[in-house]
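**Q** only geometry, no sequence info:
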């Protein structure tokens, strides 16, 4: 019975430790430009479990979006940023910007692209690498 109690205590302690609240204010800033048919940069390198604020800005006159459905689905997005990400994408009119604060998801490579007509074909694609 003592070993059951000890194991239960360890399980409860480990569950409590992993349920720590996220300190969104400690986010590392990252800048991503959406330009005419390219992302700048087109590859992002993130660390799993780290908090980031990605500043998306569309420097062109036309609309662009940053589609990363798998990445956004697996990331923990800050409550204040959820309205900026719809269906796995950040959509920006020309000259606009949005900030998305999140905890990087599990390690892997996540594809990104712009879903506007022919934009991906013209080079508006890339990836997010999480280590």
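**A** The structure has been received and is ready for your questions. Here the structure is a predicted model, which is why all the values come from computation and not from measurement.
**Q** going forward, measure contacts between C-alpha atoms and count neighbours the same way
**A** Fine.
**Q** in the chain, what spans have low per-residue confidence?
**A** Confidence mapping of the chain against pLDDT under 70 gives the ranges 1-19.
**Q** mind listing the helices in it by residue range?
**A** Applying DSSP state H to the chain gives helices spanning 2-18, 69-74.
**Q** which helices and strands does the shortest one pack with?
**A** Counting contacts by 3 or more Cα pairs under 8 Å, 6 or more residues apart in numbering; DSSP states H and E, helix 69-74 is packed against strand 108-113.
**Q** which other helices and strands contact the strand it packs on?
**A** Helices and strands touching strand 108-113, by 3+ Cα pairs under 8 Å, 6+ apart, are strand 64-67, helix 69-74, strand 125-130.
**Q** what angle separates it from strand 125-130?
**A** Strand 108-113 runs at 160 degrees relative to strand 125-130, counting by axes from the mean of the first three to the mean of the last three Cα atoms, to 10 degrees.
**Q** Need the residues that contact strand 108-113.
**A** Strand 108-113 is contacted by residues 65-68, 70-71, 120, 124-131 when judged by Cα atoms under 8 Å, 6 or more residues apart in numbering.
**Q** What residues does the residue nearest to residue 49 when sequence neighbours are not counted make contact with?
**A** Leaving aside its chain neighbours, residue 49 sits nearest to residue 104 (5.1 Å; criterion: Cα to Cα, 6 or more residues apart in numbering). Counting by Cα under 8 Å, 6+ apart, residue 104 touches 46, 47, 48, 49, 50, 51, 52, 75, 76, 130.
**Q** Okay then, goodbye and thanks.
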